[in-house]
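Undergrad: output the structure for:
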Amino acid sequence: MRAMSPLGRLGPLGPFLLAALASAAEPPWQSNAKGLCEGPLCSLVLRVEIGKTLDLYAPGGSCDTGWGTLGPADIPLGSIGLPSTLAVTNVERTGDWSHSKAVVTLEGGAKLTLYASMLSPGIVVETSTDKLRLFAGQHERFVTFDDKGKMRIHGHMGGNLAPKATITPAHIAVPQDKAIQAFATSGPVPAPQADKAWALSWWAKSSHFIRTEWPITGHGSHQDGHLADCPLLLVFDEAPASLSAVAEGGLDVTFARSGHRIAILPILGASMTSAELTAKWMTALPDDVASRCRKVLPFARQYPLSAREKFEYDVQATGFWLFEERLTFLAVGEGGRKLAVLPPIVALAGLS
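TA: Here you go, the predicted model:
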């Protein structure tokens, strides 16, 4: 993408832009910056901690501090692996300032490749086999309920440590014919149709995390906290043969052949919603939620992977400066459309 603007219309930004855009060459920091090649594999919202296992997290929850709630706290969304193993034996990382790629070898030699970009709220997982396990293992539950249904909030403080348990999403919606049907993952779940290779998963009242909104997001007293939810859209490059939750924790995705990509996107972006609200989705997925899924779907099939920028200014010849953004996309199935977050300077150019 290219954007141009005459100097006379830059106003007070003119001197700053002249200094920043004086070179016609690609800024050298783009080649040298490796900030996303180490540590967690991060997108705009989701994050994968790479250690003995591949653990997926979302930001924005709250937990107990002993005197109230504190946040934002990491929300565990389970591990990514295979039905046979979650254990990581080797990791090879590459990337730059805009994206990260991790080629992960699991016990037994099977490989998973993970992609995360600062141009997207989600991640992409690529499996070398015909299987993948999501939301797996046992992780911290910041919320539990007693026999009378009273909610208890946990944290990292002694005496009230968050217990570990399975955290598989309790519900999943799958497109069937012209409808989108919701199912409890505790029972049979049909596979998506071949031409509708996606599903929406959420926790509802089985959620393991809370959110507080007042006085500061994530902070407050326990009575300010409400059970929260983070619906995740699963977009497959090809419809899986089966979807099934397992007792030890996790959702198994099985394909008819080896080698597939799955995009995982928080359908609400960095926001969360009330579990009281998503509990109503079990009877029928609301029209606005179904519409959001359908609108996001084609863009999820072209994952915005990386960006390279080039700045140029030629006052003698034209009086224009040139901003060039080169984007690389990763295909997740067919029928995708390209969409990516662009720097604010592009918006300024468009308005000038």
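
Undergrad: span of stretch 125-137 from start to end?
TA: Stretch 125-137 has an end-to-end distance of 17 Å (CA to CA, to the nearest Å).

Undergrad: now it: buried residues?
TA: Neighbour-count burial for stretch 125-137, counted by 16 or more other CB atoms under 10 Å, picks out 125-129, 131-137. Heads up, the C-betas are built off the backbone N, CA and C, glycines and all.

Undergrad: any chance of those residues in JSON lines, plus pLDDT and distance to Ala300?
TA: Listed next are the buried residues of stretch 125-137 as JSON lines, based on pLDDT from 0 to 100; distance: CB to CB, whole Å:
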{"residue": "Val125", "pLDDT": "98", "distance to Ala300": "13"}
{"residue": "Glu126", "pLDDT": "98", "distance to Ala300": "14"}
{"residue": "Thr127", "pLDDT": "97", "distance to Ala300": "17"}
{"residue": "Ser128", "pLDDT": "96", "distance to Ala300": "21"}
{"residue": "Thr129", "pLDDT": "97", "distance to Ala300": "22"}
{"residue": "Lys131", "pLDDT": "96", "distance to Ala300": "21"}
{"residue": "Leu132", "pLDDT": "98", "distance to Ala300": "16"}
{"residue": "Arg133", "pLDDT": "98", "distance to Ala300": "21"}
{"residue": "Leu134", "pLDDT": "98", "distance to Ala300": "16"}
{"residue": "Phe135", "pLDDT": "98", "distance to Ala300": "18"}
{"residue": "Ala136", "pLDDT": "98", "distance to Ala300": "22"}
{"residue": "Gly137", "pLDDT": "97", "distance to Ala300": "25"}
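
Undergrad: just the closest of the residues you listed to Gly149, please.
TA: For these, the closest approach to Gly149 (CB to CB) belongs to Phe135, at 24.1 Å.

Undergrad: pairing partners for the helix or strand harbouring that closest one, with directions?
TA: Using DSSP states H and E, Phe135 sits in strand 131-136. Strand 131-136 has its sheet partners listed here by DSSP bridges as strand 69-81 (antiparallel), strand 251-254 (antiparallel).

Undergrad: who touches that strand?
TA: 56, 77-84, 86, 112, 125, 167-169, 201, 234, 246, 248-255, 260, 262, 264 (CB atoms under 8 Å, 6 or more residues apart in numbering).
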